[in-house]
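Trainee: Dropping the sequence and predicted coords here.
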Amino acid sequence: MNLIETERLILREFSEADAPFVLALVNDPAWIKFIGDRGVRSLDDARIYIAERLQKSYQEFGFGMWLVERKEFGAPIGMCGLLKRDYLADLDIGFGFMPAFRGQGYALESACAVLDYGKEKFGLKHVLAFALPENHPSVALMKKLGMQYVSDFKIQNDDAELVLYGKNL
């Protein structure tokens with residue numbers, strides 16, 4: 001079921017059939033460097049990741065990371081969505097795209113659509129996002145979304161220094 005449509009994109013929930021794409025995306029070197037190693041090494045691992053991480057969020061909260069497809073050819077190009085994290089006061093937006101689809105405006109287009117959807121469907125009034133400071137494309141995207149720097153922060157049990165951005169909707 002398509003949740004969100006834009007001029008070029010469709011966003012929908014992940015299904016088990018998306019395991020090959022998830023396996024490729026979460027093992028992309030940039031994903032591992034900037035987001036982290038999710039330990040997904042096989043199609044079975046990807047199916048478990050979809051069920052226990054992605055679909056679990058849909059069931060618990062009604063939202064999560066959604067698969068982003070280009071309408072033109074119907075194949076997945078990335079993911080974008082809203083996340084509820086115990087260590088943040090507000091929901092945050094996350095995104096990740098395959099290398100061939102970076103730098104073409106897809107992340108911005110899908111993120112804007114996700115923020116509009118969150119505001120309309122869930123009454124979202126404020127949203128956060130974070131990244132490693134050296135992840136310049138993600139920091140630039142947060143700024144393009146109109147987000148402002150909030151603070152530096154660390155996630156408990158993680159040594160990485162992150163930058164936190166926020167925006168009122």
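Mentor: The structure has been received and is ready for your questions.

Trainee: Work out the gap between stretch 61-73 and the centre of the chain.
Mentor: Stretch 61-73 has its C-alpha centroid displaced from the chain centroid by 10 Å (Cα atoms, centre = their mean, to the nearest Å).

Trainee: now do stretch 121-129
Mentor: The answer for stretch 121-129 is 14 Å, by Cα atoms, centre = their mean.

Trainee: OK, contacts around residue 166?
Mentor: 90, 126, 127, 128, 129, 147, 148, 150 (Cβ atoms under 8 Å, 6 or more residues apart in numbering). Yep, even glycine has a C-beta here, placed from its N, CA and C like the rest.

Trainee: buried set for the strand or helix carrying the fourth one?
Mentor: Secondary-structure element containing residue 128, defined by DSSP states H and E: strand 126-131. Neighbour-count burial for strand 126-131, with 16 or more other Cβ atoms under 10 Å as criterion, is recorded at 127, 128, 129, 130, 131.

Trainee: and that strand, what does it pack onto?
Mentor: Applying 3 or more Cβ pairs under 8 Å, 6 or more residues apart in numbering; DSSP states H and E, one finds that strand 126-131 contacts strand 92-97, helix 136-144, strand 162-168.

Trainee: Out of the ones you listed, which is the most enclosed?
Mentor: Neighbour counts (mean count of other Cβ atoms under 10 Å) averaged over each of the helices and strands packed on strand 126-131 peak at strand 92-97, with a mean of 21.
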